[in-house]
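In: Structure, please.
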Amino acid sequence: MAKRHLQHSPQATAAGPPGASPLLAREREHFLTAEPVKPGVVRDSIIASWNRSKEWLVPADHLELPYDPNPNRDTRLTHSARKVISDLADQLASEPICIVLTDADGVVLDRHTGDSALRAHLDRVKLNVGFSYSEQHVGTNGIGTALEGRGPAEVFGHEHYAEHLEDLACAGAPIHHPVTGKLVGIIDLTCWRVDANPIMMAAATTAAKRIEEALFEHSGRHELALLHDYLTACRRGHGAVLAISDDMLMMNDRAREILDPADQQILLAQATEALNTGGRQLLVLDLPSGATARVLCKPSWEDSSVAGGIVQVQLTPPFEVGSSRHEVMPPSVTLPGVVGAGTLWTRCSRDVDRHFRNGEWLVLEGEPGVGKLAIVRGMHQFHSPAGHLRVFDGSAASGTEPTAWIDELAEEIDGGTSTIILRHIDELPGEMLRALHDVLEPHRESPDIDRPWVVATRGQRIPDYDGDLDRLLRCFPRTVEVPPLRHHIEDLRELVPFMISRLTKGGSLTCSAEAMRVLMQNRWSGNIEQLYQTMRKIVAHRRIGTITVADLPPECRANTRRVLTPLESIECDAIVQALLNLDGNKVRAAKQLGMSRATIYRKIREYGIRVPHIPEQPTRP
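Out: Sure, this is the predicted structure:
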């Protein structure tokens, strides 16, 4: 990937917004009329892009964009980006920002914004699905310039080559395939020029990395899962076995022996369609050769966006019965003991509720203390108040006899328990992970209506997790991420009174507006659990009356001077993660995030980020 050093032009440090300087506008006119451009006014990267735009004969006074009425929006990129864009759109719902996804040619595949005025303007400048915003068609812009430079690009106001884009600001980050390194698309944030903010670049870069992680899961994990299932099926029987996915086709010797080419074509088409619908299915096909085939199609994963799985074929005499295809099991949730109305929290609860209704086993991911256990308990009490719930804690399993722990779990699965919660499965040793998989595997696709709902909880996703854990996770077709408290900080207005009522058993204690403001300014690294422990300390010395700022414990005093917006919270998280990954090196973190050193120092102070101190290594004589 080409490296890009972000430069800040004089207009970015003036009183007005970046790209609004009349001086910059004048130098753009000089460039377009072949007059000399004053050094130091326009960033070098912008001058280079202007030169490319002129060589491509891009018109500066109007837009001539190629349009594809039916772009391919059913790709691994779009499927991998869908949840990332949806989560980011929820976080930025109140911000005048548009999220744009393009392919490697700059063709817009997806666009999300909650601002009607911005949406109307983007329609006028054709920043919409099907139009190409490559540099050779539009000139300098966040999407096309990022494609040309193969790195992050931000373009403000008059830095755009086409005059119709001068009221906008955009930040584009490239998305690379995690295996091949090929540039596959751009994630771009666009807003009004007057709302331009360096935060946009950090948010776009973070979103691009999340999409790349999702691409890796869709490719690497899927391919490994398919290969594992194929080899297992070949070892267990002597029949014809095929492995099918978008990018892979494997066939054992027996399949090549009994299926002629015409039969293979029909069988592959029908099996692929069945795998696309999801769920295990049994087909009966009349093949061109005259043979009748019983075809068992079993997906290797439960991600409906990418089809793939094992196909086992048995040739039989013709059936008198018609089709014997198996049926496939065919949406604000207020849960007991759980409060919160923020967008991300509500969405999480709805997702869990949907998976409960469908009987789908589930993994809940999230930071410690976000409320994973509370959501599952609430869902169980909401749907099965008379049913039995059992919790198995992986963090405590190391002090018990592994065989006894597993045997007890097996008894609960077979004994009519309604809901089973497996906490902290990522803390189980390898031996128990393997044993747990062997217990769960026979039941994960069981049609038994009395099968318990099993939910596993774990910490944040780690791309290179242990192979035993990866194998166990295949027993759980769905994953839902529980957001950290700082990403739905508005829910403190409900959480604090709820916790006070619980701790005082309905007593007459309230929280003042000033104290609530201070609580909302805290980052809450320990999430809801940390908030609960804080409220316990407060209630211990004040049982009635009103909680004031003076009642708050010292450790919860806010490091920031105001409540962070969702976009600022995302940027703060990105800075913290970069500093942790780079051992606290601010210069390298700034370069990784596409910021200047001055910007990252200012953000560290503004957000109250504590930089880890890395002692200097002694020099050798």
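In: Tell me where the stretch 101-250 of the chain is predicted with low confidence.
Out: 179-180, 219-221, 237-238, 247 (pLDDT under 70).
In: Need the phi and psi values for residue 240.
Out: Main-chain torsions, residue 240, degrees, to the nearest 10: phi -80, psi 130.
In: Enumerate every residue touching it.
Out: Counting by Cβ atoms under 8 Å, 6 or more residues apart in numbering, residue 240 makes contact with 251-252, 254-255, 257-259, 312-314. The way it works is simple: take the backbone N, C-alpha and C, and place the C-beta from them, glycine included.
In: Check residue 80 too.
Out: With Cβ under 8 Å, 6+ apart, residue 80 has these contacts: 211, 214-215, 217-218.
In: mind running it again at 10 Å?
Out: Each residue near residue 80 by Cβ atoms under 10 Å, 6 or more residues apart in numbering is listed here: 175, 178, 184-185, 210-219, 305-306.
In: Let me know the helix or strand that the residue most central in space within the chain is in.
Out: With distances taken as Cα atoms, centre = their mean, the residue of the chain nearest its centroid is residue 84 (3.8 Å). Counting by DSSP states H and E, the element that carries residue 84 is helix 76-91.
In: before we move on, back to that, select only the buried ones of the contacts of residue 240 in PyMOL?
Out: Listed next is the PyMOL selection for buried residues among these, using 16 or more other Cβ atoms under 10 Å:
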select buried, resi 251+252+255+258+259+312+313
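In: With pLDDT, distance to residue 371 and secondary structure as extra columns, can I get the contacts of residue 240 in a markdown table?
Out: What follows is those, written out as a markdown table (pLDDT from 0 to 100; distance: Cβ to Cβ, whole Å; DSSP: H, G, I helix; E, B strand; the rest coil):
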| residue | pLDDT | distance to residue 371 | secondary structure |
| --- | --- | --- | --- |
| 251 | 89 | 47 | strand |
| 252 | 89 | 47 | coil |
| 254 | 88 | 51 | helix |
| 255 | 89 | 49 | helix |
| 257 | 86 | 55 | helix |
| 258 | 87 | 54 | helix |
| 259 | 88 | 52 | coil |
| 312 | 91 | 42 | strand |
| 313 | 91 | 47 | strand |
| 314 | 84 | 48 | strand |
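In: Adding distance to residue 500 as columns, could you present the contacts of residue 240 in JSON lines?
Out: Output for these, formatted as JSON lines (distance: Cβ to Cβ, whole Å):
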{"residue": "251", "distance to residue 500": "64"}
{"residue": "252", "distance to residue 500": "64"}
{"residue": "254", "distance to residue 500": "68"}
{"residue": "255", "distance to residue 500": "66"}
{"residue": "257", "distance to residue 500": "73"}
{"residue": "258", "distance to residue 500": "71"}
{"residue": "259", "distance to residue 500": "69"}
{"residue": "312", "distance to residue 500": "59"}
{"residue": "313", "distance to residue 500": "64"}
{"residue": "314", "distance to residue 500": "65"}
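In: Let me know the closest of the contacts of residue 240 to residue 352.
Out: Nearest to residue 352 among the contacts of residue 240 is residue 312, at 33.6 Å by Cβ to Cβ.
In: For that closest one, name its beta-bridge partners.
Out: residue 241, residue 296 (DSSP bridges).
In: Was I right to think it contacts residue 233?
Out: Yes. Contact criterion Cβ atoms under 10 Å: residue 312 and residue 233 qualify, at 6.3 Å.
In: which residues are common contacts for these two?
Out: Taking Cβ under 10 Å, 6+ apart as the contact rule, residue 312 and residue 233 both touch 239, 241-242, 296, 298.
In: Mind checking what helix or strand follows the helix holding residue 84 in sequence?
Out: The element immediately downstream of helix 76-91 (helix or strand, assigned by DSSP H and E) is strand 97-103.
In: Check the offset of that following strand from the chain's centre.
Out: 15 Å (Cα atoms, centre = their mean, to the nearest Å).
In: hey, where'd the strands end up in the stretch 51-200 of the chain?
Out: Per DSSP state E, counting those that start in this stretch, the stretch 51-200 of the chain carries strands over the ranges 97-103, 108-113, 153-156, 168-176, 183-192.
In: on that earlier part again, quick check, nearest of the contacts of residue 240 to residue 389?
Out: Of the contacts of residue 240, the one sitting nearest to residue 389 (Cβ to Cβ) turns out to be residue 312, at 37.2 Å.
In: how about the strands of the stretch 51-200 of the chain, which one is nearest residue 524?
Out: Closest to residue 524 of the strands of the stretch 51-200 of the chain is strand 97-103 (Cβ to Cβ; 24.7 Å).
In: so what's the closest residue to residue 119 other than its chain neighbours bridging to?
Out: Leaving aside its chain neighbours, residue 119 sits nearest to residue 113 (5.2 Å; criterion: Cβ to Cβ, 6 or more residues apart in numbering). With DSSP bridges as the criterion, residue 113 is bridged to residue 98.
In: pretty sure residue 113 contacts residue 94?
Out: No. The pair residue 113 and residue 94 does not pass the contact test of Cβ under 10 Å, sitting 11.6 Å apart.
In: Look at those two and report which has more neighbours.
Out: The neighbour comparison of residue 113 against residue 94 (other Cβ atoms under 10 Å) goes to residue 113, with 21 against 12.
In: Return the residues in contact with that one.
Out: So residue 113 contacts 89, 92-93, 95-100, 119, 122, 189-191 (Cβ under 10 Å, 6+ apart).
In: do the same with residue 215
Out: Contacts of residue 215 (Cβ under 10 Å, 6+ apart): 76-77, 79-81, 175-179, 184-185.
In: where's it, which helix or strand?
Out: Assigned by DSSP H and E, residue 215 falls in helix 199-216.
In: Could you give me the buried positions within that helix?
Out: Here helix 199-216 shows 199-212, 214-216 as buried, counting by 16+ other Cβ under 10 Å.
In: again with stretch 271-284
Out: Applying 16+ other Cβ under 10 Å to stretch 271-284 flags 271-272, 274-275, 278-281, 283-284 as buried.
In: which two from those end up farthest apart in space?
Out: 278 and 284 (19.5 Å).
In: need the helices for the stretch 301-450 of the chain, in chain order.
Out: Shown for the stretch 301-450 of the chain, the helices assigned by DSSP state H, counting those that start in this stretch span residues 343-357, 372-383, 402-414, 430-440.
In: typo on my end, it should be the stretch 1-150 of the chain
Out: In the stretch 1-150 of the chain, the segments counted as helices under DSSP H, counting those that start in this stretch are 10-13, 22-32, 44-55, 76-91, 116-124, 135-138, 142-149.
In: ok and the second one relative to helix 44-55, angle-wise?
Out: Meaning helix 22-32. Relative orientation of helix 22-32 versus helix 44-55 (axes from the mean of the first three to the mean of the last three Cα atoms, to 10 degrees): 40 degrees.
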